[in-house]
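Undergrad: Test case, fold it:
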Amino acid sequence: MNNNILQTEVNLINIEMEIVKTIFLATVNLIPSFNITDEKVLPYGLRPHTRSISWIVEQVITQQAKYHAKELGIDDVEFDMADTCLHDCIVIAGGIRYFVNVKIHNMGGKKNKNDISAVAKLYMQYEANPNYHLVYVSFDIKSENRTVSFDKNHIHTFSPQFLPMKVNPRNDKIQASYQHEPIYRTRKDFLQLLVENSKSIVLH
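TA: Numbering: from 1, shown residues only. The predicted structure is shown next:
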């Protein structure tokens, strides 16, 4: 029975990740690069620091998806989310809502482990909403002077449910490389692992 539940959940999540990847691959094809500003404002270019431009890239990619919704074959993109929200946007396609968190990686940079998400936030959302599935979509970008370019060959999607369960003890966040081998587990097992590896989840 447990194997059937696992296979059903894996199939569902893999389908959702593939749909999200296809949508954002098409979005990147529509806008392969963009200028952040002009040379009068930043005459010496923009320092290629991923963190300083990641929020801008997130805004560009989500707004472009919404703006080109008809071309992309989707219904809409909602991105007016609170800063504390796990997802950056909700892509609506075929009447289904896909909860998406955008991650940015500097092309050519090291494939380090990154803080993905706070364990307690994941637990609370996944426990409270049985139908909630978060999809992370990671974009490789290159920043030169004032121009940001997307690498159309490196867009990755992954699920928190299948992340390696490595928790940063300093901030209680799951750590993983954006490119990793998934560890398939059921939602129930995922929630249990979050509790076992967290210092911040308090069960009543």
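Undergrad: where along the protein do the helices fall?
TA: Remark: helices assigned in the chain by DSSP state H are 2-30, 50-67, 69-72, 119-128, 187-197.
Undergrad: With distance to T157 and mean neighbour count added, can I get the ones you listed in TSV?
TA: Quick note: C-beta positions are derived from backbone N, CA and C, even for glycine. Formatted as TSV, those follow (distance: least, CB to CB, whole Å; neighbours: other CB atoms under 10 Å):
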stretch	distance to T157	mean neighbour count
helix 2-30	4	15
helix 50-67	13	17
helix 69-72	16	15
helix 119-128	17	17
helix 187-197	17	16
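Undergrad: Can you flag the weakest of those helices by average pLDDT?
TA: Between the helices of the chain, the one with the least mean pLDDT is helix 50-67; it has a mean of 88.
Undergrad: which helices and strands sit right next to that helix?
TA: With contacts taken as 3 or more CB pairs under 8 Å, 6 or more residues apart in numbering; DSSP states H and E, helix 50-67 sits against helix 2-30, strand 76-78, strand 89-93, strand 96-106, strand 134-144, strand 147-158.
Undergrad: before we move on, the earlier item: I'd like to know which of the helices of the chain lies nearest to D83.
TA: helix 50-67 (10.3 Å; CB to CB).
Undergrad: Dig out what I141 forms beta bridges with.
TA: Judged by DSSP bridges, the bridge partners of I141 are N106, F150.
Undergrad: Check the gap between it and V148 for me.
TA: 6 Å (CB to CB, to the nearest Å).
Undergrad: Residue nearest the middle of the chain, spatially speaking?
TA: Of all residues in the chain, the one closest to the mean position by CA atoms, centre = their mean is Y136, 2.4 Å from it.
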